[in-house]
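Student: how would this look folded up:
(2 chains)
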Protein chains: 2
Amino acid sequence: MKNNLAQFLAKRAALNPRLEALVDVATGRRFTYAELNSQANRMAHALTGLGVRKGDRVATLLMNGLEFVETFFGGAKIGTVLTPLNWRLVADELAFMLTDSGAETLVFGREFRTVVADLHARGRQGTAVRTWIYVGKPADRPPFAVSYDDLHGAASARESEIMAENDDLLYVMYTSGTTGLPKGAMHSHGTTMWAVLTLCATADLRFKDRYLICLPLFHVGALTPLLATVYVGGTHVIMREFDPVRIWQVFQQERITNALAVPTMLHFMLQTYDATSPDVSGLRWILSGGSPVPVPLIERYAKLGIEIHQTYGLTESGGPACLIAPDEAITRAGSTGKAFFHTDVRIVDERGADVEPNVPGEILVRGPHVMLGYWNQPAATAEAIRDGWLHTGDVAIVDGEGFVYIHDRIKDMIISGGENIYPAEIENVILGHPGVAEVAVIGVPSAKWGESPVAVVVSKDTALTDQDVLGHCAGKLARYKIPKRVHFTEAIPRTPTGKALKRLLREQFRESAPE
Amino acid sequence: MKNNLAQFLAKRAALNPRLEALVDVATGRRFTYAELNSQANRMAHALTGLGVRKGDRVATLLMNGLEFVETFFGGAKIGTVLTPLNWRLVADELAFMLTDSGAETLVFGREFRTVVADLHARGRQGTAVRTWIYVGKPADRPPFAVSYDDLHGAASARESEIMAENDDLLYVMYTSGTTGLPKGAMHSHGTTMWAVLTLCATADLRFKDRYLICLPLFHVGALTPLLATVYVGGTHVIMREFDPVRIWQVFQQERITNALAVPTMLHFMLQTYDATSPDVSGLRWILSGGSPVPVPLIERYAKLGIEIHQTYGLTESGGPACLIAPDEAITRAGSTGKAFFHTDVRIVDERGADVEPNVPGEILVRGPHVMLGYWNQPAATAEAIRDGWLHTGDVAIVDGEGFVYIHDRIKDMIISGGENIYPAEIENVILGHPGVAEVAVIGVPSAKWGESPVAVVVSKDTALTDQDVLGHCAGKLARYKIPKRVHFTEAIPRTPTGKALKRLLREQFRESAPE
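Tutor: Purely as a prediction, here's the structure:
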């Protein structure tokens, strides 16, 4: 058998044909492994019929659902390279990724027909796309697009030849681009298989688990768990998008055992939870990451009997880097745990030397699941992967027992009066105030200190004052770490995975330079 | 991280240091992963101190217990090649394996000091062993041997360097030799890792499972599950040897979730089970193989609420080849299921062409866990592995839905009047008679038919007659398959894994040629 992610689906279909593979919550569609594998075969044959060949990039602009999964596995069988686009982006951003990847095929959903019409109107100068495949109500199909349902329905379900393995590319995923232009992280069948293996060996994922996927599948943080669910023989229950009201019902109705959620989603879910909420006793854990998970949030879920397992990872690592062990999710709340099973991490200083425990430095990641490099970016690749180690640009510490605590992006670190200040530490303290819903701490220019920390706060309570916040910090933080000013705002701008867009905040509050 | 089986132990110790790793039932010793890893480090340093180097074969003549596990993992760290000897063999057989492997180090238990004294007395002409390491009471240590406890106790527990990976040899295991001279199957860290991965992906093994190992660890059927338990982060509970009385208590006291047993052991255990036996509701499954598991046996366990999962494998495949899925263990009793996740199987005729469903043929196995070859036997290796497929010498059929049924060794097949007769089919029918404890069907020479089937029966009931047995077969088997004679005997000679030694039976009953 080849190490091909779609052959893993075919194998699971051979072993457990009648086991439920996929539940598409939005449409109520349910597929066994035998059926899902047939659906993937249809897409493999449909793409082949369109002239798509091994190595070709196939882009998607799809919300979570069956069609994404079919396109992923169908393409993987014949060796196409999935380029899943973030549908929160605007036309210019999408055009950049389409052009950069050279994708000639785009599978898109009805919701995105306006932006796709814009992309189509740009012609061959705008993107390389020749084949536009439309998913949705026939009446709304743009004239330039072919119907996904027609193509797929007409194709054979017979087992597709497996045309790719190990070193062949499987997907190119653009990093969220909080800084600079997006870059396409290249993952092969081999790197992806190892991402799945290291996740399965570390995360207590079991045969017949039922995994709720409510993060967008264009993120590695959702895609890798979905692939791991296929690998172990579980059921993936897919929500079109995150819905904090409906999710509690889905937990119960679908007997969910595992789920994914970024911290922002965990915040929203707490607001929709009440004492009459459904029974979630079968829910073994929720994996959370994307940004450090505030300790108070983990503690509030623990009181509901729900374990939040903090993880840390990157598109460049295929997802996995660090994970907290189940035993330690509560006792070590705030730590992202240790390197995954098939993964190594180190913390180094500016010169690349390992630092002592509890000293902050850049976290490096190594493992067979690290990307091959950035698409068409040899210089950026050489900068990111040196001596086999992925340089993450994130600041972390490791304590004396090997537990990793992620602090911040290196770029978000504040240097004030020669002292390094890590915003996450201050944010954790401020979140402990019961009137605070969200907070981001940024550095703003200061004539006296170089930079000074400033807190941007979303309050639960309109009566909350800056003095309340600062008084809460007193005694909990060294004086130089206490924010020089508190700004109240309606919402903190974030990436889809919940990372605060500090670059935007720094621009917004630049003029407020204190002291 | 390197793909080294002992580094997997070190990794598990880093991730879950306080998790119980090993329980040695005979001595009551218990070790966490941190402790077991330290024990392995001591053995790595002790072996290095004795001058043992990467690539050297280290033989063991040990019953199941801590010292076997320490020697395996300690040696694996520094790249030695374990040669675990079957302690049921006699001195000449052991001398053959020691000489063939070239092992210069032998770790042996007190129980075997007499046979080891014999081996030692043969000098350097007899075996290549220079270093004899004795495990047991100090008073009984032979003068030529060094004390395991002294060596191990004096060695450092600091983390050992990892000196082997992927393509480096990990163990040479001699096949049971039901035919011809034993051959040493060579497994590397890579083939063994894949045996573990394919087992974990197929067998529903979980984090914190508690796996009872009561089969001898010199068999791959016990060794691979032990390694898989370390990989997933479970606890292996080791019995010195199989004890059908004590095992029911161990199931309960140690909260066993998984176990191993060959069919003979399952037979014995039924005899010691009674209605007052301990609660075994936590026991999820027992993996059984080594020889086909009789359907009535599976059914009797099902009535006790215990699932028997039939598996098929070989030393040459590192253990895994076929396994029945949990859902089908009862409904498809008698089938050994389908190929493991990372494994392929085919059934071929004498010319190597795939046969139709339900037509018997030789079963071939392919996967990254198949051995590198036989130690010092290039011709036998070339015969066993052709075009990447391991030729097993076993006869099987696959039905229309892909379920494999193992029949017999090709050598045990009976050809009578031009018809192929598969003894297992007849044995399954005869075992359905309530007065039959054990049965083996063999072919004996017949002037008229070439060969004729004869049944060798162990009865539960002294009143059982040959007519009872033959009457039971009538209507259940085609006339040519019905044994021409029934012999009653006290016991059927078997290999330690429960395979009937049909070669011996054929010699014993050769003179009884019927018709």
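Student: drop to CA atoms for contacts and neighbour counts, all remaining ones
Tutor: OK.
Student: hmm, residue A:133 is touching residue A:146, no?
Tutor: Yes: shown here, residue A:133 and residue A:146 form a contact pair, counting by C-alpha atoms under 8 Å, at 5.0 Å.
Student: more neighbours: which of those two?
Tutor: residue A:133 (20 against 17; other C-alpha atoms under 10 Å in any protein chain shown).
Student: and residue A:251, what does it touch?
Tutor: Applying C-alpha atoms under 8 Å, 6 or more residues apart in numbering or on different chains to residue A:251 gives the contacts A:212, A:278, A:280, A:283.
Student: among the residues you listed, which lie within strands?
Tutor: residue A:212 (DSSP state E).
Student: neighbour-wise, which of the contacts of residue A:251 leads?
Tutor: residue A:212 leads the contacts of residue A:251 on contacts (other C-alpha under 10 Å) with 28 neighbours.
Student: so it makes contact with residue A:239?
Tutor: Yes: with contact defined as C-alpha under 8 Å, residue A:212 and residue A:239 form a contacting pair (7.5 Å).
Student: and the contacts of stretch A:205-214?
Tutor: In contact with stretch A:205-214 (C-alpha under 8 Å, 6+ apart) are residues A:64, A:222, A:226, A:229, A:232-242, A:251, A:254-261, B:204-206.
Student: buried set for the top helix by length along chain A?
Tutor: Longest helix in chain A, counting residues (DSSP state H): helix A:33-49. By neighbour count, with 16 or more other C-alpha atoms under 10 Å in any protein chain shown as the criterion, the buried positions of helix A:33-49 are A:33-48.
Student: ok so, going back, relative to residue A:350, which of the contacts of residue A:251 is nearest.
Tutor: Distance to residue A:350 across the contacts of residue A:251 (C-alpha to C-alpha) is lowest for residue A:212, with 40.0 Å.
Student: the closest one pairs with what?
Tutor: Beta-bridge pairing of residue A:212 under DSSP bridges involves residue A:237, residue A:259.
Student: residue A:354: neighbour count?
Tutor: Other residues close to residue A:354 by other C-alpha under 10 Å number 15.
Student: spit out the contact partners of the closest residue in space to residue A:10 that isn't next to it in sequence.
Tutor: Leaving aside its chain neighbours, residue A:10 sits nearest to residue A:37 (5.8 Å; criterion: C-alpha to C-alpha, 6 or more residues apart in numbering or on different chains). Listed by C-alpha under 8 Å, 6+ apart, the contact partners of residue A:37 are A:9, A:10, A:13.
Student: which ChimeraX command selects the buried ones in the residues you listed?
Tutor: Buried subset of these, written as a ChimeraX selection, criterion 16+ other C-alpha under 10 Å:
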select /A:9,10,13
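Student: filter the contacts of residue A:37 down to the ones in strands?
Tutor: No part of the contacts of residue A:37 ends up in strands, with DSSP E as the criterion.
Student: which among the contacts of residue A:37 gets closest to residue A:312?
Tutor: Using C-alpha to C-alpha, residue A:9 comes nearest to residue A:312 of those, at 26.6 Å.
Student: what sits against that closest one?
Tutor: Residue A:9 neighbours (C-alpha under 8 Å, 6+ apart): A:33, A:37, A:73, A:230, A:231.
Student: 7 Å instead?
Tutor: A:37, A:230 (C-alpha atoms under 7 Å, 6 or more residues apart in numbering or on different chains).
Student: same question, the one 3 residues further on
Tutor: For residue A:12, the contacting residues are A:33, A:233, by C-alpha under 7 Å, 6+ apart.
Student: what's the separation between the closest residue in space to residue A:422 that isn't next to it in sequence and chain B?
Tutor: Counting by C-alpha to C-alpha, 6+ apart, residue A:413 is the residue found nearest to residue A:422 once chain neighbours are left out, at 5.4 Å. Using C-alpha to the nearest C-alpha, to the nearest Å, residue A:413 is found at 29 Å from chain B.
Student: surely residue A:413 meets residue A:425?
Tutor: No: with contact defined as C-alpha atoms under 7 Å, residue A:413 does not count as touching residue A:425 (11.0 Å).
Student: what's the helix or strand for residue A:116?
Tutor: In the assignment (DSSP states H and E), residue A:116 maps to helix A:113-121.
Student: so what touches that helix?
Tutor: A:91, A:95, A:126.
Student: just stretch A:440-454 next, same as before
Tutor: Stretch A:440-454 is contacted from outside by A:414-417, A:423, A:427, A:455-457, A:481, A:483-486, A:500, A:502, A:506, A:510, A:513-515, using C-alpha under 7 Å, 6+ apart.
Student: please list the members of those that lie in helices.
Tutor: A:423, A:427, A:502, A:506.
Student: excluding covalently adjacent residues, which one is nearest to the residue positioned nearest the centre of chain A?
Tutor: When chain A is reduced to its mean C-alpha position, the nearest residue by C-alpha atoms, centre = their mean turns out to be residue A:221, at 3.5 Å. Nearest residue to residue A:221, sequence neighbours excluded (C-alpha to C-alpha, 6+ apart): residue A:319, at 5.6 Å.
Student: cool, residue A:494 as well?
Tutor: Distance criterion C-alpha to C-alpha, 6+ apart; nearest residue to residue A:494, sequence neighbours excluded, is residue A:500 at 4.3 Å.
Student: wait, that neighbour sits on residue A:493?
Tutor: Yes: here residue A:500 reaches residue A:493: they are 5.9 Å apart, a contact under C-alpha under 7 Å.
Student: chain B contacts on the stretch 201-350 of chain A?
Tutor: A:201, A:204, A:206, A:207, A:232, A:338, A:341, A:342, A:343, A:344 (C-alpha under 7 Å from any C-alpha of the partner chain).
Student: nearest residue to residue A:163 in space, please, no chain neighbours.
Tutor: Per C-alpha to C-alpha, 6+ apart, closest to residue A:163 is residue A:78, 4.8 Å.
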